[in-house]
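> Curious how this folds, go ahead:
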Amino acid sequence: MKYLASLPAHWHAWLRNPIAIGAIAPSSAQLASALVRSLPEGFSADVIELGGGTGAITRVLLEQLGSERLLVVERDLELLTGLRQRWPALQLLHADAGTLDSALTAPTHRYGAIVSGLPLLNMSRQVRHDIVRAAFAVLPESGVFIQFSYGWRSPLSAQLTTALKLRTQRCQLCWWNLPPATVWRYTRL
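Numbers count the residues shown, from 1 in each chain. Below you'll find the predicted structure:
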């Protein structure tokens with residue numbers, strides 16, 4: 001029922017800016033769980049979520065981590081307000097993911113992973129580069145960047161991963177998402 005309740009807010013955001021939202025439906029519980037399972041085994045550091053949207057992934061991250069270990073970054077003020085109303089204790093940052101390293105005021109050493117729900121394939125190469133560069137700027141050497149995509153290939157090109165010295169790993173295909181999605185994990189070489 002939580003999924004169905006999030007549909008009106010998601011569709012409203014999608015109608016306002018379909019390229020920024022990226023999908024016609026919120027992420028499924030299966031996809032959100034796959035993103036969490038893609039964290040390294042025994043993971044205990046704090047997590048940043050890029051693009052909290054209507055909270056489909058946020059909800060699962062909160063269940064697994066708690067509000068003290070999660071920071072959600074959302075650029076859309078209307079979506080940010082919805083997240084704040086739904087989870088008042090949630091740590092939120094109103095910022096563009098491409099400027100995360102300059103927008104983040106908390107000590108960055110506490111974050112060990114970034115989980116992204118951003119539609120990277122809808123963005124230009126430069127914007128994708130800026131987002132991933134900023135993400136790894138706040139992560140420690142062992143940090144991980146987890147991203148899902150509706151495409152069959154990695155949403156980060158070989159050129160980008162080579163330039164940023166990243167390793168790409170396909171983690172899981174989620175058939176029960178609309179549309180089906182693949183979870184990817186990126187780490188430094």
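> Only C-alpha atoms from now on, for both contacts and neighbour counts.
Fine.
> My impression was that residue 101 belongs to a helix - is that right?
Yes. Read with DSSP: H, G, I helix; E, B strand; the rest coil, residue 101 is one of the residues of a helix.
> Pull the number of nearby residues for it.
Residue 101: 17 surrounding residues under other CA atoms under 10 Å.
> which residues does the residue most central in space within the chain bridge with?
Centroid-nearest residue in the chain: residue 116, 1.5 Å away (criterion: CA atoms, centre = their mean). Beta bridges link residue 116 to residue 50, residue 147 when assigned by DSSP bridges.
> What separation do you get for it and residue 73?
Taking CA to CA, to the nearest Å as the measure, residue 116 falls 10 Å from residue 73.
> Spit out the contact partners of the closest residue to residue 62 other than its chain neighbours.
Once flanking residues are discounted, residue 62 sits nearest to residue 70: 7.1 Å by CA to CA, 6 or more residues apart in numbering. Going by CA atoms under 8 Å, 6 or more residues apart in numbering, residue 70 touches 46, 47, 48, 49, 61, 62, 90, 91.
> For residue 70, give me phi and psi.
phi -130, psi 130 (degrees, to the nearest 10).
> ok, now how distant is it from residue 96?
17 Å.
> Please report the number of neighbouring residues for residue 30.
16.
> Average pLDDT for stretch 126-139, rounded please.
When pLDDT is averaged over stretch 126-139, the result is 96.
> which residues touch it?
By CA under 8 Å, 6+ apart, stretch 126-139 touches 97-101, 108-109, 111-114, 120, 143, 145, 156, 160, 164.
> which of the residues you listed are buried?
For the contacts of stretch 126-139, a neighbour count by 16 or more other CA atoms under 10 Å gives the buried set as 97-98, 100-101, 111-114, 120, 143, 145, 156, 160, 164.
> I'd like to know which of those residues are part of helices.
Cross-referencing the buried ones among the contacts of stretch 126-139 against helices under DSSP state H gives 100, 101, 160.
> ok, so of the residues you listed, who is nearest residue 149?
Nearest to residue 149 among these: residue 160, at 15.9 Å, using CA to CA.
> Good, wrapping up.
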